[in-house]
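Colleague: build me a model from this:
(2 chains)
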There are 2 protein chains.
Amino acid sequence: MGKTVRAHANIALIKYWGKKDERLRLPLMSSLSMTLDRFYTDTKITESDLNHFYLNGIEQIGQSSQRVFTYLKFLQDKFGVSGNLAVRSTNHVPTAAGLASSSSAFAALAGAFCSHYGFEIEPKELSRLARMGSGSACRSVFGGFVLWQKGEDDTTSYAYALNEKPEMDLQLLAIELNPKPKKLSSTEGMKQATSSPFFKPWLQRNQTELDQMITAIQNNDFTALGQLAELNANEMHAINLTAQPGFTYFEPQTIAAINLVRHLRETGIECYYTIDAGPNVKVITRLKNVKEITNQFVSQFDNVKIVNASFGPGLSYLD
Amino acid sequence: MGKTVRAHANIALIKYWGKKDERLRLPLMSSLSMTLDRFYTDTKITESDLNHFYLNGIEQIGQSSQRVFTYLKFLQDKFGVSGNLAVRSTNHVPTAAGLASSSSAFAALAGAFCSHYGFEIEPKELSRLARMGSGSACRSVFGGFVLWQKGEDDTTSYAYALNEKPEMDLQLLAIELNPKPKKLSSTEGMKQATSSPFFKPWLQRNQTELDQMITAIQNNDFTALGQLAELNANEMHAINLTAQPGFTYFEPQTIAAINLVRHLRETGIECYYTIDAGPNVKVITRLKNVKEITNQFVSQFDNVKIVNASFGPGLSYLD
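Modeller: Numbers count the residues shown, from 1 in each chain, chains lettered A, B, ... in the order given. The predicted model follows:
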């Protein structure tokens, strides 16, 4: 009988923002992430009369369940198995902080699928399977710092751990400023982004940025890591702003948060931001600064929710 | 005796954002502007016992007067004249809408200097002189659509009119969202911007963007003009965001204004934005949409001030 599989969400420090092949979810660039301890998904798959998908105990219908079943059907066809399945997932997300991402969901799903059918596959192969569910999920198979090499095709596009248990003093504050759902999905945003005149120059920088980030990790250089993560996120949002037509995930509070991070940095509190396909910011800092930064955000924003995370592990099997 | 000289402010549709030579104010790119009827500066120069600079009737001391006197001394040296001068300027700016720019100020100053000494010089030469006071001032010598060709040196870097009296149905709404002075001067911002990885790709697009804008003007194509002006402004702000270190002139209300412009456009009200080195936005639209756009901004922003401008003339001599 299959086990409950736990996968942690990850946050990209070098972003995945553009697909080379939509069906295979092959990316245009390699990306680099940290897996987060505080955000994870537990998923168990069992046989069932009909397909069912329960999230946090509630049966899901419509789009979100369709995407799950489509993915499971793909896996079944790939492995030559069949039958209806019941999927039970629990998202462990301290708040609705916009980090209940598809990364942990599809990594856990891929793991639970293999566990249910008793397929024993290498983490690298599991990463490839997870990628087919959601690109960033391929990174959530591993813990610590993770690199998703873009590869050339389905076989060569997968993630691997750069450092499963980093010793870096690095804390991530997931700051929920704005609970509104994003207006433009990642899939749509990525598509539109490639029309930016700066998209190609950005792609050409990908290997350099990766190399610099790997060096920062190897040297335990928090400052270099933070500066580069912030630059890379700014590049992604600059790409969106200059797409044709241009768009932005920023909301007014995003700018206020960016300006607060800069202000804190100017006053000697070392911190950097990264921003994904939404209005919220994630702040990267040192353990000693977590309290002060939290206080500053709480005092300057209404209804802000903050979750403090650090490095999380790779896929694990419970029960 | 010198005449009072009137110069109108201009707004760049293809931005000047980077200097090749700081002293000579030679730009790294050519730029294209429209001169605005509602914002102008009147300046008269007379002999005086000591140097004096009166702005709107109030004697100025410190930095703003220093810049004026330094510029006048440069002009005196160039023309081999001397003596102390009294400068009387009046800024005609309907509100403090951030458009009392140095463009009209230094164009009027250059004109008033030549008028005071009785120098009769060609508009092209006056444009070069104005450029030495403030880069964008070289465009304010002319009316309508104006092109500042970057040139190679002091002699070849000047502006000229593309179309002094355009027939295009084009209105500009200068929207003051945020009266705070900008944190980073244009001079400093430009310097920092060149460190963006996208700066060089942007420069490489300059001639293409100019050509496209000239074609839009020639074809009386408001849509093409608006789209390109918005893209070019987004590029400038994307450059700033990705500078090392990154920075932004955007304030929370800037994003709200951008989002409102996009929303209006989606509802069929054709309008575009451009943004300079500050948090305020300028909306470009058709005459028929001015009232609706104004109402929308007034209803969605507190204390917003809006000035509606269209094409202004080149330098003129009063008295």
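
Colleague: chain neighbours aside, what residue packs nearest to the residue in chain A sticking out farthest from the centre?
Modeller: Within chain A, residue A:49 marks the point farthest from the mean C-alpha position, 32.9 Å out by C-alpha atoms, centre = their mean. Distance criterion C-beta to C-beta, 6 or more residues apart in numbering or on different chains; nearest residue to residue A:49, sequence neighbours excluded, is residue A:84 at 6.2 Å. Yep, even glycine has a C-beta here, placed from its N, CA and C like the rest.

Colleague: residue A:304 now?
Modeller: Nearest residue to residue A:304, sequence neighbours excluded (C-beta to C-beta, 6+ apart): residue A:297, at 5.3 Å.

Colleague: ok, residue A:54 next?
Modeller: Spatial nearest neighbour of residue A:54, chain neighbours left out: residue A:88 (4.7 Å); criterion: C-beta to C-beta, 6+ apart.

Colleague: residue A:48 is in contact with the one you found, correct?
Modeller: No. In this structure, residue A:88 sits apart from residue A:48 without contact. The criterion is C-beta atoms under 8 Å, and the distance is 10.2 Å.

Colleague: between these two, who's got more neighbours?
Modeller: More crowded of residue A:88 and residue A:48, by other C-beta atoms under 10 Å in any protein chain shown: residue A:88, with 18 against 12.

Colleague: near chain B, which residues of chain A?
Modeller: Residues of chain A that fall close to chain B, judged by C-beta under 8 Å from any C-beta of the partner chain: A:197-198, A:200-202, A:205, A:227, A:230-231, A:234-235, A:237-239, A:241-242, A:244-248, A:250-256, A:258-259, A:262.

Colleague: of those, buried ones?
Modeller: Buried members of these, scored by 16 or more other C-beta atoms under 10 Å in any protein chain shown, are A:197-198, A:201-202, A:205, A:227, A:230-231, A:234-235, A:237-239, A:241-242, A:246-248, A:250-256, A:258-259, A:262.

Colleague: inside helices: which ones of these?
Modeller: When helices are assigned by DSSP state H, the members of those inside them are A:201-202, A:205, A:227, A:230-231, A:234-235, A:237-239, A:241, A:252-256, A:258-259, A:262.

Colleague: what ranges do the helices span in chain A?
Modeller: Residue ranges of the helices in chain A, as given by DSSP H, are A:63-79, A:102-117, A:123-133, A:186-193, A:199-218, A:222-241, A:252-266, A:290-300.

Colleague: just say which of these is most tucked in.
Modeller: When neighbours are counted by mean count of other C-beta atoms under 10 Å in any protein chain shown, the highest per-stretch mean among those falls to helix A:102-117, a mean of 27.

Colleague: now find how far off-centre it is within its chain.
Modeller: For helix A:102-117, the separation from the chain centroid amounts to 15 Å (computed by C-alpha atoms, centre = their mean, to the nearest Å).

Colleague: can you give me the mean pLDDT across that helix?
Modeller: Confidence for helix A:102-117, expressed as mean pLDDT, is 97.

Colleague: can you report how many residues neighbour residue A:153?
Modeller: Residues near residue A:153, counting by other C-beta under 10 Å: 10.

Colleague: and the gap between it and chain B?
Modeller: Residue A:153 sits 29 Å away from chain B when distances are taken as C-beta to the nearest C-beta, to the nearest Å.

Colleague: right, and that residue touches residue A:23 too?
Modeller: No. Residue A:153 is beyond contact range of residue A:23, at 11.9 Å (criterion: C-beta under 8 Å).

Colleague: quick one: contacts for residue A:25?
Modeller: Contact criterion C-beta atoms under 8 Å, 6 or more residues apart in numbering or on different chains gives A:19, A:131, A:132, A:134, A:135 as the residues in contact with residue A:25.

Colleague: ditto for residue A:301
Modeller: Residues in contact with residue A:301, defined by C-beta under 8 Å, 6+ apart, are A:177, A:253, A:256, A:257.

Colleague: let me have those residues in TSV, extended by distance to residue A:117.
Modeller: Listed next are these as TSV, based on distance: C-beta to C-beta, whole Å:
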residue	distance to residue A:117
A:177	42
A:253	45
A:256	49
A:257	44
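
Colleague: in CSV: those, plus pLDDT.
Modeller: Formatted as CSV, the entries for the contacts of residue A:301 read as follows, by pLDDT from 0 to 100:
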residue, pLDDT
A:177, 89
A:253, 95
A:256, 95
A:257, 97
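
Colleague: quick check: chain neighbours aside, which residue is closest to the residue in the stretch 101-250 of chain A positioned nearest to chain B?
Modeller: In the stretch 101-250 of chain A, the residue found nearest to chain B is residue A:238; the distance is 3.4 Å by C-beta to the nearest C-beta. Distances taken as C-beta to C-beta, 6+ apart place residue B:238 nearest to residue A:238, at 3.4 Å, with adjacent residues excluded.

Colleague: cool, and residue A:148?
Modeller: Excluding its sequence neighbours, the residue lying closest to residue A:148 (C-beta to C-beta, 6+ apart) is residue A:159, at 4.1 Å.

Colleague: one more: residue A:120?
Modeller: The shortest distance from residue A:120 to any residue that is not its chain neighbour, by C-beta to C-beta, 6+ apart, is 7.5 Å, and that residue is residue A:114.

Colleague: hmm, residue A:129 and the one you found touching each other?
Modeller: Yes. With contact defined as C-beta under 8 Å, residue A:114 reaches residue A:129; the gap is 7.5 Å.

Colleague: which neighbours do these two have in common?
Modeller: Contact with both residue A:114 and residue A:129 is made by residues residue A:121, according to C-beta under 8 Å, 6+ apart.

Colleague: quickly list the domain ranges of chain A.
Modeller: Structurally, chain A divides into domains by automatic domain parsing as follows: A:5-166, A:171-309.

Colleague: save those as TSV, and put in distance to residue B:65 too.
Modeller: Written out in TSV, the entries for those read as follows (distance: least, C-beta to C-beta, whole Å):
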stretch	distance to residue B:65
domain A:5-166	48
domain A:171-309	30
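
Colleague: tell me the spacing between the residue farthest from the centre of chain A and residue A:157.
Modeller: When distance is defined by C-beta to C-beta, to the nearest Å, residue A:49 is 36 Å away from residue A:157.

Colleague: again, but for residue A:169
Modeller: In terms of C-beta to C-beta, residue A:169 sits 32 Å off from residue A:157.

Colleague: have a look at these two and say which one is more surrounded.
Modeller: Set side by side, residue A:169 and residue A:157 show unequal neighbour counts under other C-beta under 10 Å, the larger going to residue A:157 at 24 against 12.

Colleague: wait, that one touches residue A:28, no?
Modeller: No. Using C-beta under 8 Å, residue A:157 and residue A:28 do not qualify as a contacting pair, with a distance of 10.9 Å.

Colleague: return every residue with contacts to both of the two.
Modeller: residue A:150.

Colleague: what's the most distant pair in the contacts of residue A:301?
Modeller: Pairwise distances across the contacts of residue A:301 (C-beta to C-beta) peak at 7.9 Å, for the pair A:177 and A:256.

Colleague: what number of residues are in the vicinity of the residue nearest to residue A:148?
Modeller: Going by other C-beta under 10 Å, the residues that sit close to residue A:159 add up to 31.

Colleague: report all helices and strands that the top strand by length along chain A contacts.
Modeller: Using DSSP state E, we find that the single longest strand of chain A is strand A:31-47. Applying 3 or more C-beta pairs under 8 Å, 6 or more residues apart in numbering or on different chains; DSSP states H and E, we find strand A:31-47 packed against strand A:5-14, strand A:85-92, helix A:102-117, strand A:145-149, strand A:171-176, helix A:199-218, strand A:305-309.

Colleague: which parts of it are buried?
Modeller: Buried, per 16+ other C-beta under 10 Å, within strand A:31-47: A:31-45.

Colleague: for residue A:104, see how far away residue A:281 is.
Modeller: 20 Å.

Colleague: name the nearest residue to residue A:226, ignoring sequence neighbours.
Modeller: Sequence neighbours aside, residue A:272 is the residue nearest to residue A:226 in space, at 3.4 Å (criterion: C-beta to C-beta, 6+ apart).
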